[in-house]
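1. Please work out how this folds:
(2 chains)
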Amino acid sequence: MIEFISSMVPETLAAHAPALLIAIPMLMAPIAAFMPSGRIAWILSIFATGFAMVMAIVLLSQVQSIEGGAVISYAMGGWRPDAGIEFRIDSLNAMVLLLVSTIGFLAAIFSWPTVLAEIREAKTAMFYAAYLVCFTGLAGVASTGDAFNLFVFLEISSIATYVLVALGASRDRRALPAAGNYLLLGTIGASFFVVGVGFLYAATGTLNMAELAVRLESVQDSKAVFAGYAFIVVGLGIKAAMFPLHQWLPNAYAYSPSFVTMFLAATATKVALYALVRFLFTVFGLEFAFEGSTLIWILMPMGIAAMVACSFQAVFQTDVRRTLAYSSVAQVGYMLLGISIGTAAGVSAGLFHLVNHAVIKGALFMALAGVVLTYKGTSLQDMRGLGRSSPWTMSAFAIAAVSLIGVPLTAGFQSKYVLVSALFEHGWWWAVAVVMFSSLLAVVYMGRILEAVFFRAPANPNKRHKEAPLLILIPLWVLALANLWIGIQGGFVAGLAEDAAASLFIGGAS
Amino acid sequence: MLEFILERGNYWAIIGLMMIGLYIAFAATNLIKRLIGLGLFQTSIILFYISLSRIDGGTAPILFGEDYKKDKGHGEAAEHAGEHAADAAGHGADAAYGAAKAYGEAGMENIYSNPLPHVLMLTAIVVGVATLAVGLAIIVRIREAYGTVEADEIRAMDLEVAIAEAAADAEQNKAGAV
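-> As a prediction, this is how the structure comes out:
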């Protein structure tokens, strides 16, 4: 399938795939903004994200063309990598790019009915422009090889995100303070990151990440590098919603338009987490004196704290969107735990869960978008009896929910299994107990929702039998079936994650 | 000790500004003041980068004197222009790495400051302006929706709404149970 699609793409396009993947959505954004009707802007954004997905598939096949994973270096604008900006695609980048663009494409298709219902008509064209800018930024972060360029793309996507979150105000005015808070914390996070990059630049004189990795080896004991490391980890931690730095997330997810929640939950924190992994393992590397202790004393405890504390918080929410938002922070904890093991197996487990969680949360929030569309509210009361009035939407929701818990034959089980075996291998058996306990909490909070959906009489007996529209159902079922597919035959995604982790530990620095 | 502190005067100033900015961003209740604090914080980062680019005895990074003539001599062809700029930027980066030594190797007569951080900060300024603009626009909308820009008043209003929602929810729950 991958070979077939990439063989269909002309060679000139394939040679410039890293640039085109960013450039086409970026150029489409202003064009979409000036379209007279939102419908044209919607079609443009489907085209742009679909094109990006094809390019991501081409890049993946190029990376996989060599055993062990090739590294594609693309010199932006023809400038030599040490002077200009280099786009560098290895197995990890290719995986994240494929994830972001596939989710972006499905999100673009499904968006039309919910955007029509939740955004004022005069603003829909601008809304799609902001979405494309956000998509561009995320794809840029996932493909650039230049540390400062990564900051710029991170801010491009974040600024667009603030706008998108604030647009939820037409449904609930609390979206505005949520967006303001997110803006404040997100900007502080990005600024911390850029201070850290400044320290690294002062110590090494380069911004290219591969070159940084080489030069940092000779200045490992410099205090400037230590300071830069701390700033970068905290800054990206805020963006990735690492446990105590996640305060912006629940409100931003709960009050933004349902399409935005779905897209953000599946991609934004994942891309920030990718950047964190990239800096931890490629730029600094395990030889860096600080890193071993950071993994054990900061990432691991924070991951475990998130898994327990945020799962508990999820149990006590009355709004389903907030439950899922807290559960997102808890799931970031699983990924951090996997990464903090610091072995190829652990990082690959973390990355595998990253992909799976994007697919799971994407499906859950898509189903919720359908609920919002037909029945307005998303509180636990509103969910009652929906299993009978909209069986297709809710059975997809149930598949994703079961996958989030980690029942066998679903995606969530596969990645938790890989994580647990990596933990055992490393001798952290007590962490396995915490993973089990947190999964048990997931049973409680998802179980509450499923019980209300399938076993309670509708709170409002007037609710008619009404499904979500087909435009929502199709992408929703694609994601739900993807959950089952990964769960039954997890080889493809697990292989991607393994290659990505291997490229970090073997070929990452060269 | 005193010398150690005074030698790094610019960095102390930057740290001071950064902390003041962060404090305002967290402690102010007025949302506009919070954004101003954020702006101060970002400005201190710009100063930090500009401090990095300075080299003792360095001048503005525009070729002059012997360097200019030499550059002009073998820079006639237009296609070489890009390569030269790339070289210059590369040397600038090396200068921060290996101090002025790299300049000798590059065959430059004069010492120039590193231009790269200045360029980076131009981008950072644009990012900062965009953030400030979006932030202010959100505050305008908050003022329209809540009638205030004080964070604690907004929180109090939201809390009231949340309590009312919870009460309505409990009532519905009771009705559903019956």
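2. Does the helix ranked longest in chain B pack against any helices or strands, and if so which?
-> Ranked by residue count under DSSP state H, the longest helix found in chain B is helix B:116-146. Contacts defined by 3 or more C-beta pairs under 8 Å, 6 or more residues apart in numbering or on different chains; DSSP states H and E place helix B:116-146 against helix A:147-166, helix A:175-204, helix B:31-53, helix B:80-98, helix B:151-177. The way it works is simple: take the backbone N, C-alpha and C, and place the C-beta from them, glycine included.
3. can you pull the buried residues of it?
-> Neighbour-count burial for helix B:116-146 flags B:116-118, B:120-121, B:124, B:127-128, B:130-132, B:134-135, B:138-139, B:141-142, B:145-146 (criterion: 16 or more other C-beta atoms under 10 Å in any protein chain shown).
4. How about stretch A:114-132?
-> Buried, per 16+ other C-beta under 10 Å, within stretch A:114-132: A:114-115, A:117-119, A:124-132.
5. Tell me which of the helices and strands packed on helix B:116-146 sits nearest to A:L236.
-> helix A:175-204 (6.0 Å; C-beta to C-beta).
6. Any idea how far the next helix or strand after that closest one is from the middle of the chain?
-> Sequence order places helix A:209-216 as the next helix or strand after helix A:175-204, per DSSP states H and E. The gap between where helix A:209-216 is centred and where its chain is centred comes out at 26 Å by C-alpha atoms, centre = their mean, to the nearest Å.
7. just checking, B:I111 touches B:G57?
-> Yes: judged on C-beta atoms under 8 Å, B:I111 makes contact with B:G57 at a distance of 5.2 Å.
8. Tell me which of these two has more neighbours.
-> B:I111 (15 against 10; other C-beta atoms under 10 Å in any protein chain shown).
9. How about that one, nearest residue that isn't a chain neighbour?
-> B:G58 (4.7 Å; C-beta to C-beta, 6 or more residues apart in numbering or on different chains).
10. What does that neighbour show for phi and psi?
-> For B:G58, the backbone dihedrals (degrees, to the nearest 10) come out as phi -80, psi 150.
11. residues near it, how many?
-> 16.
12. before we move on, back to that, mean confidence for the longest helix of chain B?
-> For helix B:116-146, mean pLDDT rounds to 92.
13. do stretch A:441-453 as well
-> 91.
14. Next, see if it gets close to chain B.
-> No: applying C-beta under 8 Å from any C-beta of the partner chain, one finds stretch A:441-453 out of contact with chain B, separated by at least 9.8 Å.
15. show me what contacts the nearest residue to B:I46 once chain neighbours are set aside?
-> Excluding its sequence neighbours, the residue lying closest to B:I46 (C-beta to C-beta, 6+ apart) is B:M121, at 4.9 Å. If you count contacts by C-beta atoms under 8 Å, 6 or more residues apart in numbering or on different chains, B:M121 has them with B:46, B:49-50.
16. between these, which has the most around it?
-> B:Y49 (23 neighbours).
17. List the residues that contact it.
-> B:Y49 neighbours (C-beta under 8 Å, 6+ apart): A:198, B:117-118, B:120-121, B:124.
18. Quick check: nearest residue in space to it, chain neighbours excluded?
-> Per C-beta to C-beta, 6+ apart, closest to B:Y49 is B:P117, 4.2 Å.
19. my read: the one you found touches B:S53, true?
-> Yes: look at B:P117 against B:S53 with C-beta under 8 Å: they come within range, at 3.9 Å.
20. Which residue does the stretch 301-450 of chain A have closest to chain B?
-> Residue of the stretch 301-450 of chain A nearest chain B, by C-beta to the nearest C-beta: A:Q381 (5.0 Å).
21. Tell me how many other residues surround residue 17.
-> No chain in the question, so chain A it is. Neighbours around A:A17, by other C-beta under 10 Å: 26.
22. was after chain B, sorry
-> With other C-beta under 10 Å as criterion, B:L17 counts 17.
23. How about the one 5 residues further on?
-> A total of 18 residues lie near B:L22 under the criterion other C-beta under 10 Å.
24. Might you report the residue contacts of it?
-> Counting by C-beta under 8 Å, 6+ apart, the residues that B:L22 touches are A:188, B:37, B:41.
25. separation between the last one and A:L207?
-> Computed with C-beta to C-beta, to the nearest Å, the distance linking B:F41 and A:L207 is 22 Å.
26. Quickly note the distance from A:V133 to A:S328.
-> 23 Å.
27. Who has more neighbours out of these two?
-> Higher neighbour count among A:V133 and A:S328: A:S328, with 28 against 24, using other C-beta under 10 Å.
28. any idea of the pLDDT on the residue nearest to A:V133 when sequence neighbours are not counted?
-> Excluding its sequence neighbours, the residue lying closest to A:V133 (C-beta to C-beta, 6+ apart) is A:A160, at 4.1 Å. Note on A:A160: pLDDT of 94.
29. Could you list the low-confidence segments of the stretch 151-300 of chain A?
-> Applying pLDDT under 70 to the stretch 151-300 of chain A flags the ranges A:289.
30. repeat for chain B
-> Ranges of chain B meeting pLDDT under 70: B:71-107, B:175-178.
31. any idea how it splits into domains?
-> Annotated domains of chain B cover B:1-54+B:115-178, B:63-113 [automatic domain parsing].
32. any weak-confidence spans in the stretch 401-510 of chain A?
-> Using pLDDT under 70, the stretch 401-510 of chain A drops low at A:459-465, A:506-510.
33. can you give me the helices in it?
-> Applying DSSP state H, counting those that start in this stretch to the stretch 401-510 of chain A gives helices spanning A:411-426, A:429-455, A:470-488, A:491-502.
34. how big is the angle separating the longest one from helix B:151-177?
-> With axes from the mean of the first three to the mean of the last three C-alpha atoms, to 10 degrees as the basis, helix A:429-455 and helix B:151-177 are set at 60 degrees to each other.
35. helices or strands next to helix A:429-455 in the packing?
-> Under the contact rule (3+ C-beta pairs under 8 Å, 6+ apart), helix A:429-455 is packed against helix A:300-305, helix A:311-315, helix A:320-340, helix A:386-389, helix A:391-405, helix A:411-426.
36. what helices or strands is the shortest one leaning on?
-> Translated: helix A:386-389. By 3+ C-beta pairs under 8 Å, 6+ apart, helix A:386-389 packs against helix A:391-405, helix A:429-455.
37. Return the set of buried residues in it.
-> Quick answer for helix A:386-389 (16+ other C-beta under 10 Å): A:386-387, A:389.
38. will you turn those into CSV that also has pLDDT and distance to A:P408?
-> Conversion of those to CSV gives the following (pLDDT from 0 to 100; distance: C-beta to C-beta, whole Å):
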residue, pLDDT, distance to A:P408
A:L386, 82, 26
A:G387, 81, 23
A:S389, 81, 30
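39. With A:L450 as the reference, name the closest of the helices and strands packed on helix B:116-146.
-> helix B:151-177 (16.8 Å).
40. That closest one versus helix A:175-204: what angle between them?
-> Using the same axes, to 10 degrees, helix B:151-177 lies at 120 degrees relative to helix A:175-204.
41. what helices or strands is helix B:151-177 leaning on?
-> Helix B:151-177 packs on helix A:175-204, helix B:116-146, going by 3+ C-beta pairs under 8 Å, 6+ apart.
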